[in-house]
Each structure stands twice: as structure tokens, then as C-alpha cells.
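Participant: below is the sequence, then the predicted model.
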Amino acid sequence: MTGPSTVATVTPRAFLPESKLPAAVAWDGNAVRYLDQRALPFEIRVASARTADEIVEAIATLAVRGAPCIGVFAAYGVALLRRSIPEDAAFRAAAARVREARPTAVNLAWAVDRVLSADDMLAEARSIHAEQERVDAAIAAYGAELIPEAARIITHCHTGAIATAGGGTALGVILAAQRAGKRPVVYVNETRPLLQGSRLSELELRSAGVETILQVDSAAAISMARNAVDLVIVGADRVARNGDTANKIGTYALAVLAAHHGIPLYVAAPRSSFDASIADGEQIPIEERDKREVTHFGGARVAADEARAFNPAFDVTPHHLITAFITEYGVLRPPYSESIGEILRVS
């Protein structure tokens, strides 16, 4: 694969506020611009993708990450490929490669299929992007009502604006509560092995004035026991019809801990993350990534050369451990076969 061509590289002061970050994804005429999330929080790196190789590589390497953001990026990418690849079979093959770049996040396939079925692919991609912004705003409004005053919250991975190309899902809810004067205190799991929590969530929350405390993932249990945690809120990469939910690795463990401590766990996710074709979590494909993400840290080897590694990017939380889903249609509660079924029927 060829690497993405960098169009701008800026080294700001450390931890530039989120409001000053470039857009996560943007159409640029003959390219799709994106904020390279791997460089944060110390460097703002904006790159552009023009070919199928560059689009796929940006998704596969997590330069573009967050299920809704991947969907928006892929939508623009497919529209771009339609313009640059006149031969239909070659275009369809390139679009299929984009669709398969990451197997777990259902937004990717959903967005690609939607663009492919449109007469005007660029207009459809722009529509997906605009819808995501409206959806995130609705999720934030519904979710903020569930946040008590001065709530102590645990969150995992990163679900903010640059993860959705909109306003964020789980972090969008927290930020809406902050804007409403509820003054939440957020314990952010670092999210091993790629540290999306410490690199991205901590930056976004603290930049918005939210009291933020970073913790290692394995501190969640004692945090719940000793820090009077009120709730856990996370995002989702795919939700089955029965409510089983795939999200960043570590979410399942967090849900088990929350259930043990009697703490509600909320999943904030758009309708596009709900997969009507999947009956339960057993059918959700789980991406396994390069073992070097585990055997190395910051580019340095931390395990023996012979070390083997199990590195699933996601796990599946059973629906009975989820208190409610926060969607653009409102708050969905059990039985999920009914409440999820309703939103699947309206769209």
C-alpha cells in the first residue's frame, strides 16, 4: 500500500483544546482530508486520501477511527473512487476493499452500501455526514438527562467528536451534561493497547473543562469500590438485535464490574451501529490485530521475541449487562428485542 500524502503538519502547544482541532473528516474535491488520530495529543497531523490503498490504510491503521467517523470517511472515500475509477468492475472491487477494511464496526459497511445505492454518491456521503451531526446532538440531549448532578463517571476508549465526525456519542453525553452545569467527574480508562482514552478522551474532556482523572484499565474495579462511581457510559461498534454489543476491548470486563457493584452501564450509539442482520453477539466478527500492539509499547519491545499475544480489538458485552442504550430515537431499555426492534423498523 502507498502511504497517505500529508497536506499539513503542525506541532501545537501540548494538548491543544479540542475546539481548535481540524475537522475529523472533510471532502476536499479530489481527496478526503482527515485528522490523523494516531498523532494526538501532541501533534496535529492532517492527511489526505486519494486512492483505495490510502483510504483502506487510513482505516486499518486507526488513523481514522471511531465507528461513525469510519462510516463518514468511507462514504466520502467511495464517492471519490467513483470519480477516479471509470471502469465499473474496478470501482466495485475498490469499494469492496474499503467496505472490508475493518470487520467489526457496522457503520463502515452501512455507509458504503448506502453510497453505492445512491445516484449521486457525493450528495449521499454529505447527507450521511450531516445526519451524523444531527444524530450526535440528539444522543447528547437524551443522554444528559440520565447524568445526575456531580456524577462520577467511568468511560472507556474514545467516543468524542473526532470519533464520530459529529459531536460525539458517549463523550457527547458527558459534554452536554457539563454544558448544563452538572459538573461531572470522569474517570477515563487509558484503553490499552493503543491508549485512545489517555491520548484522546482525556484531552477532549479536560479541554472542555470537565474534571478528568486518568486511570489504567485494571483500576476500574477499585475505582468503582472506592470512588463512589455513579455510572459507566461507553460507545459501540456494533449492536445485535438482542442488544449484545461489540465495543473496544475491555468494555465487557467493565460491564461485569459495573454489574457486580450495582452501577448502571449505558451504551451511547446511533441507529447506524445497530445491525438488523445479526441476532446476537456470537455472530459479530471480532477483529484481531497485530501482536506488536501488545508486545511493544511506544515503539519499544516490552516482551520477549518469542512471546505470543492475543490481541482482539473488540469484545462483546451481553445485553443483560447493559442498563440502557442512548440513541437519537431516545433511551432504549429492556426487553431489547422489543425496543431495538422498534428503531430497526422505523429506518
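Facilitator: Structure received.
Participant: now do the same for T212: helix, strand or coil?
Facilitator: strand (DSSP: H, G, I helix; E, B strand; the rest coil).
Participant: ok, it to C69 distance?
Facilitator: Using C-beta to C-beta, to the nearest Å, T212 is found at 21 Å from C69. Where you see a C-beta, it was placed from the backbone N, CA and C, and this is true even at glycine.
Participant: now do Q215
Facilitator: Q215 is 25 Å from C69, where distance means C-beta to C-beta.
Participant: looking at the two, which is more packed in?
Facilitator: The neighbour comparison of Q215 against C69 (other C-beta atoms under 10 Å) goes to C69, with 28 against 17.
Participant: after the strand or helix carrying that one, next one along is what?
Facilitator: Per DSSP states H and E: C69 is located in helix 67-84. Moving toward the C-terminus from helix 67-84, the next helix or strand (DSSP H and E) is helix 88-99.
Participant: counting contacts, what elements does that next one pack onto?
Facilitator: Helix 88-99 makes packing contacts with helix 52-60, helix 67-84, helix 106-116 when contacts are defined by 3 or more C-beta pairs under 8 Å, 6 or more residues apart in numbering; DSSP states H and E.
Participant: returning to what we had before: buried sites along the helix holding C69?
Facilitator: Applying a neighbour-count criterion of 16 or more other C-beta atoms under 10 Å, one finds 67-82 buried in helix 67-84.
Participant: tilt between that helix and helix 88-99?
Facilitator: With axes from the mean of the first three to the mean of the last three C-alpha atoms, to 10 degrees applied, the angle from helix 67-84 to helix 88-99 works out at 160 degrees.
Participant: what about helix 67-84, distance to the chain center?
Facilitator: Distance, stretch centre to chain centre, for helix 67-84: 16 Å (C-alpha atoms, centre = their mean, to the nearest Å).
Participant: please apply the same query to stretch 116-135.
Facilitator: Relative to its chain's centre, stretch 116-135 lies at 19 Å (C-alpha atoms, centre = their mean).
Participant: then stretch 278-293?
Facilitator: Worked out by C-alpha atoms, centre = their mean, stretch 278-293 lies 15 Å from the chain centre.
Participant: buried residues in it?
Facilitator: I278, G281, I284, I286, E287, R289.
Participant: quick one: the first one from R241, how far?
Facilitator: Between I278 and R241 the computed distance is 6 Å (C-beta to C-beta).
Participant: quick one: secondary structure of the closest residue to A240 other than its chain neighbours?
Facilitator: Distances taken as C-beta to C-beta, 6 or more residues apart in numbering place I278 nearest to A240, at 4.3 Å, with adjacent residues excluded. Under three-state DSSP, I278 falls in the coil class.
Participant: you'd agree I278 is up against I284?
Facilitator: Yes: judged on C-beta atoms under 8 Å, I278 makes contact with I284 at a distance of 5.9 Å.
Participant: overlap in contacts of the two?
Facilitator: R238, A240 (C-beta atoms under 8 Å, 6 or more residues apart in numbering).
Participant: per-domain residue ranges of the protein.
Facilitator: Domains of the chain are assigned by automatic domain parsing as 5-133, 135-345.
Participant: let's have the ones you listed in CSV, adding mean pLDDT.
Facilitator: Shown next, in CSV, are those (pLDDT from 0 to 100):
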stretch, mean pLDDT
domain 5-133, 89
domain 135-345, 96
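Participant: what's V106 in contact with, if anything?
Facilitator: With C-beta under 8 Å, 6+ apart, V106 has these contacts: A67, D237, R238, V239, S272, S273, F274, D275, I278.
Participant: again, only this time at 6 Å
Facilitator: R238, S273, D275 (C-beta atoms under 6 Å, 6 or more residues apart in numbering).
Participant: look up the closest residue to the second one, ignoring the ones flanking it.
Facilitator: The shortest distance from S273 to any residue other than its chain neighbours is 5.0 Å, reached at A236 (C-beta to C-beta, 6+ apart).
Participant: so which strand or helix has that neighbour?
Facilitator: Applying DSSP H and E, one finds A236 in no helix or strand.
Participant: distance check, it against V64.
Facilitator: In this view, A236 and V64 are 18 Å apart by C-beta to C-beta.
Participant: what about these two, which has more around it?
Facilitator: Neighbour count, other C-beta under 10 Å: between A236 and V64, V64 has more, with 32 against 28.
Participant: my guess is that one contacts Y34. True?
Facilitator: Yes: at 5.1 Å, V64 and Y34 qualify as touching, with contact defined as C-beta atoms under 6 Å.
Participant: for V239, what are phi and psi?
Facilitator: Phi and psi for V239, reported as degrees, to the nearest 10, are phi -120, psi 130.
Participant: ok, now the one 5 residues further on?
Facilitator: Summarising the backbone geometry of D244 under the convention degrees, to the nearest 10, its torsions are phi -60, psi 140.
Participant: how about it, nearest residue that isn't a chain neighbour?
Facilitator: Excluding its sequence neighbours, the residue lying closest to D244 (C-beta to C-beta, 6+ apart) is G281, at 3.0 Å.
Participant: and the longest helix for the chain?
Facilitator: helix 121-144 (DSSP state H).
Participant: ok so, going back, could you dump the contacts of V106 to JSON lines with neighbour count and secondary structure?
Facilitator: What follows is the contacts of V106, written out as JSON lines (neighbours: other C-beta atoms under 10 Å; DSSP: H, G, I helix; E, B strand; the rest coil):
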{"residue": "R238", "neighbour count": "29", "secondary structure": "strand"}
{"residue": "S273", "neighbour count": "26", "secondary structure": "helix"}
{"residue": "D275", "neighbour count": "20", "secondary structure": "coil"}
